[in-house]
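Trainee: Have a look; sequence and predicted model below, questions after that.
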Amino acid sequence: MRKVLRRIGWVVAGLIVVRVVIGLFVPALNINDVTTGATPEYPDIQPQRFAQPAAQVFDAASAVARATDGWEVTRDDRAAGVIEAVATTTLMRFKDDVTITIAAAEGGTTTVNMRSHSRVGKGDLGANAKRIRQFQVDLAKKLSTPG
């Protein structure tokens, strides 16, 4: 039994060392809060702009959020243009907070901003950025599909 515990300890220590080394070479993995247009580590993650009216974009965003595996929509406020959800990670069951804001912009366009923030830990290994990117793909697809 003691031998097993010692091996587990070495495995955990090894994983910690690997995580620290990866974090040194990929600094973006050391953050746990990603916001469209506001996270320098992810310059590619920008707000989305759509030609459709805000109400239509809000409905599509709400539908995408509700259909996303592992997400529980906790607030769906059309008047405020805000959708909030809790995303639960598959492996470790961590809870991450997601906020999506939809606002009418100049010229009849609509802007969608998003924030994904881990409740626990100092680094998310890119999970929040991946979540935002996937939501953006799904929303663009939903809005480009008729009906």
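Mentor: Received the coordinates, thanks. Numbering: from 1, shown residues only.
Trainee: quick one, phi psi at Ile132?
Mentor: With angles defined as degrees, to the nearest 10, Ile132 sits at phi -60, psi -50.
Trainee: State the distance from it to Lys141.
Mentor: 15 Å (C-beta to C-beta, to the nearest Å). C-beta here means a position set from N, CA and C on the backbone, and glycine is covered the same way.
Trainee: The two: which has the busier surroundings?
Mentor: Using other C-beta atoms under 10 Å, the more surrounded residue of Ile132 and Lys141 is Ile132, with 23 against 11.
Trainee: Pretty sure the more buried one sits against Gly37.
Mentor: No: if you go by C-beta atoms under 8 Å, Ile132 and Gly37 don't touch, sitting 10.8 Å apart.
Trainee: Between the two, which contacts overlap?
Mentor: Both Ile132 and Gly37 are in contact with Ile45, where contact means C-beta atoms under 8 Å, 6 or more residues apart in numbering.
Trainee: where does Gly121 land in three-state SS?
Mentor: Assigned by DSSP: H, G, I helix; E, B strand; the rest coil, the conformation of Gly121 is coil.
Trainee: Check Lys142 too.
Mentor: Here Lys142 takes the helix state, with states given by three-state DSSP.
Trainee: Count the residues that sit near it.
Mentor: Counted with other C-beta under 10 Å, residues neighbouring Lys142 total 15.
Trainee: Now it: closest residue in space, sequence neighbours ignored.
Mentor: Closest residue in space to Lys142, ignoring its immediate chain neighbours: Ala60 at 4.6 Å, by C-beta to C-beta, 6 or more residues apart in numbering.
Trainee: Tell me which other helices or strands the helix or strand harbouring that neighbour touches.
Mentor: Assessed by DSSP states H and E, Ala60 sits inside helix 54-67. The contact analysis (3 or more C-beta pairs under 8 Å, 6 or more residues apart in numbering; DSSP states H and E) places helix 54-67 against strand 71-77, strand 82-88, strand 95-104, strand 110-118, helix 127-144.
Trainee: how about those in JSON lines, adding distance to Ile8 and mean pLDDT?
Mentor: Below are the helices and strands packed on helix 54-67 laid out as JSON lines (distance: least, C-beta to C-beta, whole Å; pLDDT from 0 to 100):
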{"stretch": "strand 71-77", "distance to Ile8": "33", "mean pLDDT": "98"}
{"stretch": "strand 82-88", "distance to Ile8": "26", "mean pLDDT": "97"}
{"stretch": "strand 95-104", "distance to Ile8": "26", "mean pLDDT": "97"}
{"stretch": "strand 110-118", "distance to Ile8": "25", "mean pLDDT": "97"}
{"stretch": "helix 127-144", "distance to Ile8": "25", "mean pLDDT": "96"}
